[in-house]
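*Asks:* Predicted model and sequence follow; I will ask about them next.
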Amino acid sequence: MLRFVARRLAMLVLTLLVASFAIYASLSVAPGDPLSVLTGGRTLPPEALAVLRARYHLNEPLPAQYWHWLTGALHGDLGSSIALRESVNTLIGERAGVTFELVAYASILILLLGIGSGILAGLRRGAVDSTVIAGTTVFAAIPSFVAAIVLISVFAVKLGWFPALGAGTGGVDRLWHLTLPAIALALSALAIVARVTRVSVREELGREHVQTAISRGLPQHLVIRRHVLRNAAIPITTVTGITIASLIALSAVVERAFSLNGLGSALVSAAASKDFAVVQGIALILVAAFVITNTIVDLLYAFLDPRVALGSRAE
Amino acid sequence: MSALLEIDGLTARLQVEGELRTVLHDVSLTIGAGEALGLVGESGSGKSMTARAVGRLLPRGAQTSGAVRFDGRDVLTLGPADLRRYRGEVAMIFQDPRAHVNPVRRIGDFMTETLRLQGVTGADAAKRAAGALRDVGIDDGERRLDQYPHELSGGLLQRVMIATMLLGEPRLVLADEPTTALDVTTQAEVMAILDELRHERGMALLFITHDLELAAAVCDRTAVMYAGQIVETRAASLLDRDPLHPYTAALAAARPDVAVSARRLAAIPGRPVSAFEAPAGCAFAPRCVCVQERCREARPPLDRLDDGQVRCRRAQELRGRMAAAIREGEASRA
Ligand SMILES: Nc1ncnc2c1ncn2[C@@H]1O[C@H](COP(=O)(O)OP(=O)(O)OP(=O)(O)O)[C@@H](O)[C@H]1O
Ligand code: SF4
Ligand SMILES: [Mg+2]
């Protein structure tokens, strides 16, 4: 088990390294000179350009630039934004909070409502089951930006129950402001998690070992908890984890729709203005969050399924 | 003496794609306390369904009529609490231990699950589980308790199943082909353990198998099933030497003479039918070499004959000359 954890962690580091290089390199070879942003289209004397180039390491070869950036990042310094004349760290620090809260809120919705309704539909047949199937079929097909538009026009504009824009001022107000965005972000993921949960629970219910448990006279709630849900937790964890990891990338769309000043919207505007240091910094953070979430899921999976740690990953 | 288990005119219908299909038709069997009854028959004849009906484990949507009585109580109408108590007295062993033990829980956890519910402490339950493992020939029980099912071989796992069942001190064991999934040597070992423990503890046994000889070796009586019906019940030792029913005779004859206990039944010409596709009249008629016109008219009842029961119109008249009749029938068919 320890070896497994160590291997997963090594893989995590490697993945992050590769990803960071890919992010850095792809942006550095992208067309467009970052200095033109800085100069605002004006022509500067060559000496001035040289000074700027040196300050931003633009005159060095790509590997050297990457090395500067990486060592900086490892020391917690992601460079500074050319356009905003602000340290990328400060920028991320200001923006990460909203994004984190949004993703956490959406994740909680997925865990509670997605898994909850999936379990309910899996265990019960009839009306509950049909309702969940119908609901999830519709919701799974709605992309976040469509959900955002519909939610804003119905619950914010028409009914006025929730604010349409902004992130509020912390506490309950923040929760109130983030409710619609979190729903928009979670909706289709929630539907998918609910469906997978339902199928997993149904499948486990039909397993022979569940029949054994029943035949031994175990009370129903224990059969369900210890033999149905415990085993269904394995696929459910995997799918939920991957789904939550993917929310991190999706959050940009929702942040734009609800005018939230999060990492995602900062990333989009930085990319538009070719502010590479910001794009690289935020991309690195998002990718790191994604990869770490996936690693946690993998570890959880191994923890839940004793057959995994021995190396037989196949079911 | 009243029987421990009494199945009386049990008919079961299952929901298959929206329609009800008969899988058991008028099944009647008794098992006395401490008695072993074999249940043999071709695939699909309803052996497993009979055991599942007794264990109240028929698939969802199943409908039953008739009665199953255990110790005089009607099993089919037990409420949840009584049903759980009943299941403590009737243990089941299944064909595939790998599928029937939860793969994500430790052996010890599996074995002691019901004991712990009865308030036995963890340490005490573990000690008893290790003891039960010793009884089925597993000496390093303490170590096994910490392992997961995938770390054990099929044979070991089936022993774990048997040991687990022993912990519950049941009065009746329903064993559904408990050795079919194991290799030949392991089969013999597991069978010997089951047989010995059963005698030692005076447990009654319903033993489902394809193997007439094995049934004869382990059981007091054997019942033969065809198309969801019992067609013959007889002292196990007499069944293949002196069958009452043409189907039993065909089963016995289809079996090569070499005495290898683990062999399955060889095929009888024609396809076995399930209860729902059985013709009116005698279900075996389409494959029976002794068939006559009257066999197809009405379903023969299960009648007493000599020291057994048989469901055949001609059983009485064929008595003593079954083998000859079958040879004649085969000759005329050829
Ligand atoms: N879950 C189910 N739903 C509907 N019909 C079933 C189901 N399981 C079995 N059957 C049908 O019930 C009949 C009896 O099956 P059963 O499993 O009792 O046979 P069996 O005698 O145990 O056969 P085998 O020797 O192959 O185990 C068969 O016709 C089978 O097709
Ligand atoms: S009743 Fe007729 S068809 Fe059926 S087994 Fe007896 S002889 Fe054969
Ligand atoms: Mg069977």
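*Replies:* Nice, I can see it. Ligands and ions are numbered 1, 2, ... in the order given.

*Asks:* Quick check on whatever residue of chain A ends up closest to chain B: phi, psi?
*Replies:* Chain A approaches chain B most closely through residue A:217 (3.4 Å), counting by Cβ to the nearest Cβ. The way it works is simple: take the backbone N, C-alpha and C, and place the C-beta from them, glycine included. Residue A:217 adopts backbone torsions of phi 80, psi 20, taken as degrees, to the nearest 10.

*Asks:* what about the helices in chain A?
*Replies:* Per DSSP state H, chain A carries helices over the ranges A:2-28, A:34-39, A:46-55, A:62-74, A:88-109, A:116-123, A:127-140, A:144-151, A:171-205, A:208-215, A:220-222, A:230-257, A:263-272, A:276-304.

*Asks:* one step back: so the closest residue in space to the residue of chain A closest to chain B that isn't next to it in sequence is in which element?
*Replies:* Excluding the flanking residues, the one nearest residue A:217 by Cβ to Cβ, 6 or more residues apart in numbering or on different chains is residue B:87, at 3.4 Å. Using DSSP states H and E, residue B:87 sits within helix B:80-89.

*Asks:* and that helix with helix A:208-215, angle?
*Replies:* Relative orientation of helix B:80-89 and helix A:208-215, computed by axes from the mean of the first three to the mean of the last three Cα atoms, to 10 degrees: 110 degrees.

*Asks:* residues contacting the residue in the stretch 51-200 of chain B that chain A sits nearest to?
*Replies:* The stretch 51-200 of chain B approaches chain A most closely through residue B:87 (3.4 Å), counting by Cβ to the nearest Cβ. Residue B:87 is in contact with A:214-217, B:55-56, counting by Cβ atoms under 8 Å, 6 or more residues apart in numbering or on different chains.

*Asks:* need the contact list for the residue nearest the centre of chain A.
*Replies:* For chain A, the residue sitting closest to the mean C-alpha position, by Cα atoms, centre = their mean, is residue A:248 at 2.2 Å. By Cβ under 8 Å, 6+ apart, the contact set of residue A:248 is A:99, A:103, A:286, A:289-290, A:293.

*Asks:* buried ones in stretch B:27-39?
*Replies:* B:27-32, B:34-39 (16 or more other Cβ atoms under 10 Å in any protein chain shown).

*Asks:* my bad, stretch B:117-133
*Replies:* B:117, B:120, B:125-130, B:132-133.

*Asks:* which one of those is nearest residue B:315?
*Replies:* Nearest to residue B:315 among the buried residues of stretch B:117-133: residue B:132, at 44.5 Å, using Cβ to Cβ.

*Asks:* wouldn't residue A:176 be in contact with residue A:164 here?
*Replies:* No: counting by Cβ atoms under 8 Å, residue A:176 does not reach residue A:164; the two are 11.9 Å apart.

*Asks:* Looking at those two, which is more packed in?
*Replies:* residue A:164 (17 against 13; other Cβ atoms under 10 Å in any protein chain shown).

*Asks:* And for the closest residue in space to the more buried one that isn't next to it in sequence, the neighbour number?
*Replies:* Distances taken as Cβ to Cβ, 6+ apart place residue A:156 nearest to residue A:164, at 3.7 Å, with adjacent residues excluded. For residue A:156, the count of nearby residues is 16 (other Cβ under 10 Å).

*Asks:* looking at chain B, which helix or strand does the model trust least?
*Replies:* The helix or strand of chain B with the poorest confidence is helix B:322-333; it has a mean of 72 (mean pLDDT, DSSP states H and E).

*Asks:* quick one: low-confidence ranges for the stretch 1-150 of chain B?
*Replies:* Scanning the stretch 1-150 of chain B for pLDDT under 70 picks out the ranges B:1.

*Asks:* quick one: is stretch B:36-43 near ligand 2?
*Replies:* No: counting by Cβ under 6 Å from any ligand atom, ligand 2 is not contacted by stretch B:36-43; separation bottoms out at 13.8 Å.

*Asks:* so who does the closest residue in space to residue B:78 that isn't next to it in sequence touch?
*Replies:* In this structure, residue B:78 finds its nearest non-sequential neighbour in residue B:86, 5.7 Å apart by Cβ to Cβ, 6+ apart. Listed by Cβ under 8 Å, 6+ apart, the contact partners of residue B:86 are A:217, B:56, B:70, B:73, B:75, B:78.

*Asks:* how near is residue B:86 to residue B:24?
*Replies:* Distance of residue B:86 to residue B:24, given as Cβ to Cβ, to the nearest Å: 20 Å.

*Asks:* coming back round to it: between the contacts of residue A:248, which sits nearest residue B:318?
*Replies:* The nearest member of the contacts of residue A:248 to residue B:318, counting by Cβ to Cβ, is residue A:293 at 74.6 Å.

*Asks:* related to what we said a few turns ago, narrow the buried residues of stretch B:117-133 to those in strands?
*Replies:* If you go by DSSP state E, the buried residues of stretch B:117-133 have nothing in strands.

*Asks:* Tell me which of these fall in helices.
*Replies:* Using DSSP H, the buried residues of stretch B:117-133 in helices are B:117, B:125-130, B:132-133.

*Asks:* filter those residues by proximity to chain A?
*Replies:* residue B:117 (Cβ under 8 Å from any Cβ of the partner chain).
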